[in-house]
Every structure is written in C-alpha cells, then in structure tokens.
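In: Structure for this input, please:
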Amino acid sequence: MMIDALYNYRQGDIHSAEFSDEFNKLCIPFEESLTEAQLTTFHKLLDCVSDTAAAEMRAAYKVGFKDSVALMKELQD
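Out: Below you'll find the model as predicted:
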C-alpha cells in the first residue's frame, strides 16, 4: 500500500526516544538480578512490547494520513 511505503520511507526521519531515567533506574538493577535464561526471556518480552508499539505507530500514521486527505478533500469542496 502506498501509505505503508510513505511510512517506511519517512521512518528514518522519526527520531527514537531514549529510555527515561525512571526506566533505567528500574530496569538496570532488575536486569542485573536475573539469571541468563530470565534475562533472555525479559529481552524477548521487551522486543514484543517494542514490536507492538511500532505496529501502533504504523496504524496511527495510516489513520492520520487518511484523516488529513479527507480534510483536504472537504476543504476543496
């Protein structure tokens, strides 16, 4: 879909947020307390959360793009 292509092209222009101080304050000691197997599972969970957030961003981009086009069409009429 063309909107997907636009999003993927613009994705490099989207600057990733850095982890908050609160996240680092909680996460680093927590990670250090885990076994290797637990750490692997925790990182997989974080990857799932990241993938979900990325999918939500793509969906929001599509909706916003479509809303913008509808608004432009309405203004032209």
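
In: Show me where the chain dips below the pLDDT cut-off.
Out: Low-confidence segments of the chain (pLDDT under 70): 1-3, 5-17.

In: In the chain, where's the longest helix?
Out: Ranked by residue count and defined by DSSP state H, the top helix of the chain is helix 36-76.

In: Output the contacting helices and strands for that helix.
Out: If contacts are counted by 3 or more CB pairs under 8 Å, 6 or more residues apart in numbering; DSSP states H and E, helix 36-76 sits against helix 2-10, helix 21-32. C-betas here are computed from N, CA, C, even on glycine.

In: so the last one versus helix 36-76, what angle?
Out: What it means is helix 21-32. Relative orientation of helix 21-32 and helix 36-76, computed by axes from the mean of the first three to the mean of the last three CA atoms, to 10 degrees: 150 degrees.

In: List the contacts of helix 21-32.
Out: Phe19, Leu39, Phe42 (CB atoms under 8 Å, 6 or more residues apart in numbering).

In: Okay, buried residues for it please.
Out: For helix 21-32, a neighbour-count test (16 or more other CB atoms under 10 Å) marks nothing as buried.

In: Phi and psi next, for Leu34.
Out: With angles defined as degrees, to the nearest 10, Leu34 sits at phi -90, psi 150.

In: if I pick it, what's in contact with it?
Out: Contacts for Leu34 (CB under 8 Å, 6+ apart) come out as Phe42.

In: how far away is it from Phe19?
Out: Distance, Leu34 to Phe19, by CB to CB, to the nearest Å: 17 Å.

In: any idea which residue sits dead centre in the protein?
Out: Ala54 (3.0 Å; CA atoms, centre = their mean).

In: Run through the residues that contact it.
Out: So Ala54 contacts nothing (CB under 8 Å, 6+ apart).

In: how far is the longest helix of the chain from where the chain is centred?
Out: 5 Å (CA atoms, centre = their mean, to the nearest Å).
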